[in-house]
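[1] predicted model follows, preceded by the sequence.
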Amino acid sequence: MIGYVTLGTNDLEKAAAFYDALLGELGASRMMEAETFIAWGTGPGSPAVSVIKPQDGNPATVGNGVMVALAVDSTEKVDQIHAKALELGAADEGAPGERGPGFYAAYFRDLDGNKLNAFHYGTASSED
C-alpha cells in the first residue's frame with residue numbers, strides 16, 4: 001500500500017551518504033535523483049525511501065510521532081541494520097529486541113533526527 005516515504009534533510013550530501021550505505025544493506029539503490037531530492041528502492045514498483053530539502057526553503061524538522069519502519073526478513077537483519085545505522089552516526093532509540101510476541105525491532109534516528117526502525121514480524125529468523 002505504501003509507495004514511498006519522504007524525510008526532510010538539511011544536508012543532502014550527508015543524508016545521501018548515510019542512506020546509500022544503510023539502504024544498500026537492504027539491496028536498495030538510488031532510483032531517482034534531483035538537485036534537492038534522492039530516492040532509494042529495490043526495483044520498479046517497490047516501496048521507496050527518499051530524502052528532500054524542503055521546497056518552501058525553511059529548515060527540515062523532525063515530525064513528532066512520525067517513524068519509518070523498514071521490514072526485513074530476519075531478526076539477524078534487524079540487528080545488522082541497527083548496528084549499521086549506529087556505525088553511520090545514527091542515534092540509538094532502542095536496541096534490537098522482542099517488542100511483543102513475534103515482533104522484533106530496533107529503533108534509531110538518522111543524521112537529521114528522523115526516527116526509523118528495522119523490524120521482523122514472525123519467526124525468529126528467515127530460516128525458521
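    Thanks, I have it. Only a predicted model underlies this, so the values are computations on that prediction, with no experimental measurement involved.

[2] would you mind writing the CA trace of the longest strand belonging to the chain as CSV?
    In the chain, with assignment by DSSP state E, the single longest strand is strand 91-100. Below are the C-alpha coordinates for strand 91-100, written out as CSV (Å, rounded to 0.1, in the frame of the first residue of the first chain):
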residue,chain,number,x,y,z
ALA,A,91,21.4,7.9,17.4
ASP,A,92,20.2,4.8,19.2
GLU,A,93,16.4,4.9,20.1
GLY,A,94,16.0,1.3,21.2
ALA,A,95,18.3,-1.7,21.0
PRO,A,96,17.2,-4.8,19.0
GLY,A,97,14.8,-7.0,20.8
GLU,A,98,11.4,-8.5,21.0
ARG,A,99,8.7,-5.9,21.5
GLY,A,100,5.8,-8.3,21.6
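
[3] what are the buried residues along that strand?
    residue 96 (16 or more other Cβ atoms under 10 Å). (Glycine included, C-beta is placed from N, CA and C.)

[4] thought residue 30 was touching residue 42?
    No: using Cβ atoms under 8 Å as the test, residue 30 is too far from residue 42 to be in contact (11.5 Å).
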